[in-house]
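**Student:** predicted model, plus sequence, below.
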Amino acid sequence: MKLNCDLGESYGSWKMGLDSEAMSHIDQANIACGFHAGDPQWMIKTLLLAKQHNVEIGAHPGYPDLVGFGRRSMKCSAEEVQSLVQYQMSALDGMARCQGLEMTYIKPHGALYNDMMADAFVRENIMKAVANYYRPVRLVLQATPSSAQHKEEAEKFGLEVAFEAFADRCYDDDGRLLARSKAGAVHTKEKMLAQVKQLMEQGTVTTVSGIELALQVDTLCVHGDNEEGVRSIEAIKVMVAGQ
């Protein structure tokens, strides 16, 4: 199971996250593309850091919402969804090429990710955007009980997908993430490690009301926003390495 982390979210003079500390413990870097966070200089810095640690590169596009950090949904047309996704993919892809790297996947950010999972219209147009890119790129989706359906949707576009689980987030009974506005949405370190262990050993997560959900997982999302988060990534990496 690979570990992926959202990085490159600093902007101008504002530094976000502990990218240098987290990068050495992960397999995949989801790099912000400038719409919800990040800027050209921070993109290059993050790409070079990924190159140093031999970490796979992915685009992390969001809604054009710097003020809200991409966590607010926007009502977009089909053309707008496709163009904003392809624009951000292209930005990171071009930057990566300049550093001798290759972007291999895309994982939407924040509200765009949540809308993709909840709204067939948004999901279809993100899939179209990725499928119509000039070369093959994988799309990361959340692993849910509907993963087989989502894979079939992607196959109609000739699109390869990967499914992810979240180490530190509590799951709702429908398999989606419990809203951050609700109590217990983000796990303590102890609960997070227990959830990762359960995923590895049983292929399941336990929802907020105690239901066990089976999930097929290719990659695990971790967060390096602070020192405690980095220490948690280190612990997860040790756990996964010993699988």
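**Tutor:** Thanks, I have it.
**Student:** what's the residue lying closest to L48 once chain neighbours are set aside sitting at in phi/psi?
**Tutor:** Leaving aside its chain neighbours, L48 sits nearest to Q99 (6.1 Å; criterion: C-beta to C-beta, 6 or more residues apart in numbering). In this view, the C-beta of every residue, glycine as well, is placed from N, C-alpha and C. For Q99, the backbone dihedrals (degrees, to the nearest 10) come out as phi -100, psi 10.
**Student:** got a list of what L220 touches?
**Tutor:** By C-beta atoms under 8 Å, 6 or more residues apart in numbering, the contact list for L220 reads M1, K2, L3, N4, E164, A165, F166, A167, V196, L199, I236, V240.
**Student:** same thing but at 6 Å, please
**Tutor:** Applying C-beta atoms under 6 Å, 6 or more residues apart in numbering, we find L220 in contact with M1, L3, A165, A167.
**Student:** how far does stretch 21-41 sit from the chain's center?
**Tutor:** Relative to its parent chain, stretch 21-41 has a centroid offset of 10 Å by C-alpha atoms, centre = their mean, to the nearest Å.
**Student:** what about E152, which SS state?
**Tutor:** Here E152 is helix, with the state taken from DSSP: H, G, I helix; E, B strand; the rest coil.
**Student:** just the C-alphas of the longest helix seen in the chain, formatted as CSV.
**Tutor:** In the chain, assigned by DSSP state H, the helix with the most residues is helix 78-98. Output of helix 78-98 as CSV, limited to C-alpha atoms (Å, rounded to 0.1, in the frame of the first residue of the first chain):
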residue,chain,number,x,y,z
ALA,A,78,-19.2,20.8,-17.6
GLU,A,79,-16.8,22.9,-19.6
GLU,A,80,-15.6,24.7,-16.5
VAL,A,81,-14.9,21.5,-14.6
GLN,A,82,-13.0,20.0,-17.5
SER,A,83,-11.0,23.1,-18.2
LEU,A,84,-10.0,23.9,-14.6
VAL,A,85,-8.8,20.3,-14.2
GLN,A,86,-6.8,20.2,-17.4
TYR,A,87,-5.3,23.6,-16.8
GLN,A,88,-4.0,22.6,-13.4
MET,A,89,-2.8,19.2,-14.7
SER,A,90,-0.9,21.0,-17.5
ALA,A,91,0.7,23.5,-15.1
LEU,A,92,2.2,20.8,-12.9
ASP,A,93,3.0,18.5,-15.9
GLY,A,94,5.0,21.2,-17.6
MET,A,95,6.8,22.2,-14.4
ALA,A,96,7.6,18.6,-13.8
ARG,A,97,9.0,18.1,-17.3
CYS,A,98,11.3,21.0,-16.8
